[in-house]
Structures are given as structure tokens and as C-alpha cells.
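Novice: sequence first, then the predicted structure, then my questions.
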Amino acid sequence: MEVRARAPGKIILAGEHAVVHGSAAVAAAIDLYTTSSLRLLPEALTPATSFCYAEEDGGAGAVELDLRDSALVFSWPCSRLRGALGELSGKAGAPAPCSPDKLAAIAKLMEGQEIPEAKIWLSAGLSAFLYLYTSILGCRPGKTVVISDLPIGAGLGSSAAFCVSMSGALLTASGAVGTGRGSGAEEWQLFGKDDLELVNQWAFQGEKIIHGKPSGIDNSVSTFGSMIKFKKGELTNLRSRNPVKMLITDTRVGRNTKALVAGVSERASRHPDATASVFNAVNSISEELSSIVELAAEDEIAITSKEDKLAELMEMNQGLLQCMGVSHSSIETVLRTSLKYSLVSKLTGAGGGGCVLTLIPTLLEKVATELESYGFRCFKVEVGGRGLQVCRG
Ligand SMILES: Nc1ncnc2c1ncn2[C@@H]1O[C@H](COP(=O)(O)OP(=O)(O)O)[C@@H](O)[C@H]1O
Ligand SMILES: C[C@@](O)(CCOP(=O)(O)O)CC(=O)O
Ligand SMILES: [Mg+2]
């Protein structure tokens with residue numbers, strides 16, 4: 001049987017980086033997904049099953065990860081996993097953080113995997129995969145295929161969508177969570193709250209391996225969907241009465257969240273008082289933005305004033321992100337270009353390149369066309385949709 005789980009990427013409307021330091025942030029799911037499909041293979045070495053496995057695997061099979069978008073397949077013989085990690089039985093309950101010893105053993109398991117130099121950043125994702133797989137299922141043989149609509153390492157939460165979809169597929173295959181709600185005809189089904197909580201906890205541990213010090217906002221919004229306010233691990237669902245329309249521009253300048261988050265923390269330790277004031281200002285922006293999003297706006301005038309306020313708050317947040325040192329010349333190009341059309345933009349995610357949000361009252365094809373003429377890529381997305389969904393086939 002195959003289990004498929006898909007989890008959305010996200011945009012952060014306000015509060016990235018500051019949220020790592022305890023400020024509030026506002027994020028929403030977008031309709032670009034990462035899908036993990038998992039097929040478990042027979043475990044026991046019996047005459048009936050051993051034909052499936054190669055001799056060099058000791059006849060015990062392998063754990064395989066097929067990253068379709070990168071056209072790369074990685075494989076670890078189960079015997080090698082057992083040798084490195086011990087006899088793991090797999091765990092259905094709440095996760096324990098990955099110990100430094102396990103992390104070191106996982107790093108050794110990367111040796112011999114052929115990761116092209118240009119894609120060396122994938123090793124963090126592979127480590128998160130091995131941690132999640134072996135912790136949840138032990139060293140059982142299986143094949144996982146991952147496909148994603150999301151640009152990787154661009155601020156749209158691909159790391160979280162990877163960890164959430166993977167945790168969803170693994171926990172479903174282990175029997176720890178089951179497909180709950182979902183109307184008969186629908187292929188994709190939603191989990192109940194407790195199951196989502198469990199998936200989210202595992203995904204957070206995976207994010208820790210990729211990000212170092214994640215706030216938890218990305219995995220939470222990818223798991224639960226919708227639009228949320230997030231502060232110190234606490235999540236509040238925001239009921240957005242009118243759709244928020246955003247254009248996303250990927251500058252295609254590569255960056256790495258772990259390094260950017262560490263850079264902001266270093267700046268904070270050099271200038272603790274100044275950065276505390278910046279984080280505090282971001283907190284106020286996120287709080288105000290979340291209350292504006294929830295305001296009912298029945299008439300045109302109310303909608304316009306709501307959008308003006310959102311735009312002003314995003315502009316202020318962008319200025320504070322510049323204070324944190326995470327803007328980039330490509331981001332500034334998007335800001336300048338959108339301003340020509342009287343539109344406001346801010347970076348989203350960790351910055352340093354990656355994606356920029358532009359608040360659009362109505363979709364302006366002209367801005368997108370001009371931005372694409374600089375070599376950037378534009379996405380028009382639905383904001384605030386579903387979180388994790390699973391299907392068995
Ligand atoms: N589909 C995927 N397959 C393998 N690894 C992935 C995938 N998506 C994300 N990752 C991992 O997450 C990293 C990108 O995460 P990050 O720097 O946080 O950027 P973002 O989350 O904004 O895309 C990649 O370098 C890789 O290690
Ligand atoms: C910078 C940060 O606030 C968001 C990072 O998002 P992304 O990985 O760049 O999509 C970090 C975090 O909250 O964990
Ligand atoms: Mg990330």
C-alpha cells in the first residue's frame with residue numbers, strides 16, 4: 001500500500017526572524033505543495049521476499065529516497081542503517097529531539113551518497129529524512145518519492161513542507177495517525193487535531209535539523225493551514241474575512257535559512273538593546289496586522305482602508321528586516337519596481353534573496369511582466385488554504 005501526504009508552503013506576512021526571538025508573526029498557507037509518497041516493502045527475510053533485495057544489502061532491503069525534482073535517488077541498505085544507528089524499533093508517540101550522537105551517526109550515513117556539489121544543500125534535507133524515517137519506522141525497508149511545487153531555499157517554507165509531508169506519510173504508514181475527516185468522494189483527506197499535533201511535533205524536530213533554531217511557525221502553518229498568528233510556540237487561527245491578495249516574486253537568489261537566522265542572532269548578541277527594540281516593534285506590527293486581517297470589511301471603502309493599513313505595516317516590517325541585515329539588492333529591485341506601480345512589498349521568509357511579497361489590490365499583470373523581465377519568477381497564489389492532507393492508495 002502507498003501512503004501519500006501533501007503539505008503546503010507558506011508566506012510570512014509579518015514577523016520573520018523576530019519570531020525566533022519571541023515576537024509575534026503572521027503566516028498563511030499557500031497552494032503550492034510538497035508531496036511525499038511512501039511504500040513500505042516486506043521486512044522479514046523469507047524465501048518469498050528475499051528475491052526483492054540485492055545481495056549487498058544482506059538480503060534485508062534498503063531505505064530509498066527519490067527526489068524527483070532534482071532527479072536524484074539516495075539509498076541506504078537497512079543493514080548499514082542498523083550498524084550506524086542500532087536496532088531501532090520505531091516510535092509512534094511524541095518525538096524526542098535528535099541527540100548529538102544520532103546526528104553524528106546520520107552525518108556518517110551521508111558519506112558515500114553522491115550529492116552533486118551544486119546541490120550540497122540537500123544534505124540537510126537528507127539528514128532530516130533519515131532522522132524522521134528511522135525514528136518513526138525503525139530500519140524497515142521502504143521507498144519514498146518526493147515531489148514539490150515549491151522553489152527550494154527561497155523563503156516559501158520548502159523545508160517545513162518537506163518535514164510535514166514526510167512526517168505525515170511516515171506516521172500514517174506506522175499506524176500512529178489515521179485518516180480522519182474527509183468527504184467520501186475526495187481523494188485527499190484531512191487529519192483530526194490530535195493527529196495534526198503529533199505530525200507537527202515530528203516535523204518541528206526535522207526543521208531543527210535543517211534550520212538549527214526554527215521558531216516553529218513554518219511547520220505549524222504547513223500542518224494546520226489557514227492564516228495564523230504565532231508567538232512563542234502558541235498558534236492562533238486568524239479568520240480572514242476578505243482574501244488577502246499577494247504576488248510572490250522569487251528573485252532566484254539562493255540563500256540558506258540556517259545561516260541567515262544565525263546571522264540575526266549574532267547581530268542581536270552584538271547589539272542586544274537595539275535589536276530588542278527592533279523585535280519589539282515587529283511584535284507590534286504583527287499584532288496590529290493580525291487584528292486588521294480579522295476585521296470584517298463589508299464595503300469598498302472599508303476594504304481600501306484595510307489594505308492601506310496592511311501595506312503600511314508591511315512597509316514598516318521591511319524596514320525593520322533591513323535593520324536585521326537580511327535584505328538583498330535583488331529584494332531592493334523588487335521593492336523599487338513595485339513602488340513604480342504604487343505597490344508595497346516586503347521580503348518573506350529568511351530573506352537574503354529568495355521571495356518577496358507584493359500586496360496587490362487587483363492582479364496587475366504589468367508588474368509581474370516587468371519583474372519577470374529582470375529574470376525573477378512570479379507566482380500568483382491562493383492564500384490561507386488547507387494544511388496537511390493524506391491519501392492512501
Ligand atoms: N523537496 C525537498 N527535498 C529535499 N530537501 C528539501 C526539499 N525541500 C526542502 N529541502 C531541504 O530544505 C532546505 C531549504 O530550506 P530553507 O533554507 O529553510 O529554505 P525554505 O524553507 O525557505 O525553502 C534545502 O536546502 C533542503 O535541505
Ligand atoms: C526566518 C524565519 O522566521 C522563517 C524562515 O522561513 P524560510 O525557511 O525562509 O521559508 C525562521 C523561523 O521562524 O524559524
Ligand atoms: Mg525553511
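Specialist: It's in. Residues are numbered from 1 along each chain as shown. Ligands and ions are numbered 1, 2, ... in the order given.
Novice: strands of the stretch 201-350 of the chain, residue ranges please.
Specialist: Taking DSSP state E, counting those that start in this stretch as the test, the strands found in the stretch 201-350 of the chain are 227-231, 234-238, 246-250, 345-347.
Novice: same thing with the stretch 1-150 of the chain?
Specialist: Using DSSP E, counting those that start in this stretch, the strands of the stretch 1-150 of the chain run over residues 2-14, 25-40, 62-67, 72-77, 142-148.
Novice: distance to Thr369 added to those, as a markdown table?
Specialist: Just so you know, the C-beta spots here come from the backbone N, C-alpha and C atoms, and that holds for glycine as well. Converted to a markdown table, those look like this (distance: least, C-beta to C-beta, whole Å):
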| stretch | distance to Thr369 |
| --- | --- |
| strand 2-14 | 21 |
| strand 25-40 | 21 |
| strand 62-67 | 32 |
| strand 72-77 | 34 |
| strand 142-148 | 26 |
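Novice: closest one to Leu364 among those?
Specialist: In terms of C-beta to C-beta, the element of those nearest to Leu364 is strand 2-14, at 17.9 Å.
Novice: nearest to ligand 2, of the strands of the stretch 201-350 of the chain?
Specialist: strand 227-231 (8.3 Å; C-beta to the nearest ligand atom).
Novice: returning to what we had before: closest one to Gly319 among the strands of the stretch 1-150 of the chain?
Specialist: Nearest to Gly319 among those is strand 2-14; the distance by C-beta to C-beta comes to 12.1 Å.
Novice: hey, which of the strands of the stretch 1-150 of the chain is tucked in deepest?
Specialist: Of all the strands of the stretch 1-150 of the chain, strand 2-14 carries the top mean neighbour count, a mean of 27, counting by mean count of other C-beta atoms under 10 Å.
Novice: for that strand, what is the average pLDDT?
Specialist: For strand 2-14, mean pLDDT rounds to 97.
Novice: next: stretch 288-303.
Specialist: In the prediction, stretch 288-303 has an average pLDDT of 79.
Novice: give the residue spans of the stretch 201-350 of the chain that score low on pLDDT.
Specialist: Applying pLDDT under 70 to the stretch 201-350 of the chain flags the ranges 296-301.
Novice: sorry, back to before: can you add distance to ligand 3 and give the strands of the stretch 1-150 of the chain back as JSON lines?
Specialist: Listed next are the strands of the stretch 1-150 of the chain as JSON lines, based on distance: least, C-beta to the ion, whole Å:
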{"stretch": "strand 2-14", "distance to ligand 3": "9"}
{"stretch": "strand 25-40", "distance to ligand 3": "11"}
{"stretch": "strand 62-67", "distance to ligand 3": "16"}
{"stretch": "strand 72-77", "distance to ligand 3": "19"}
{"stretch": "strand 142-148", "distance to ligand 3": "12"}
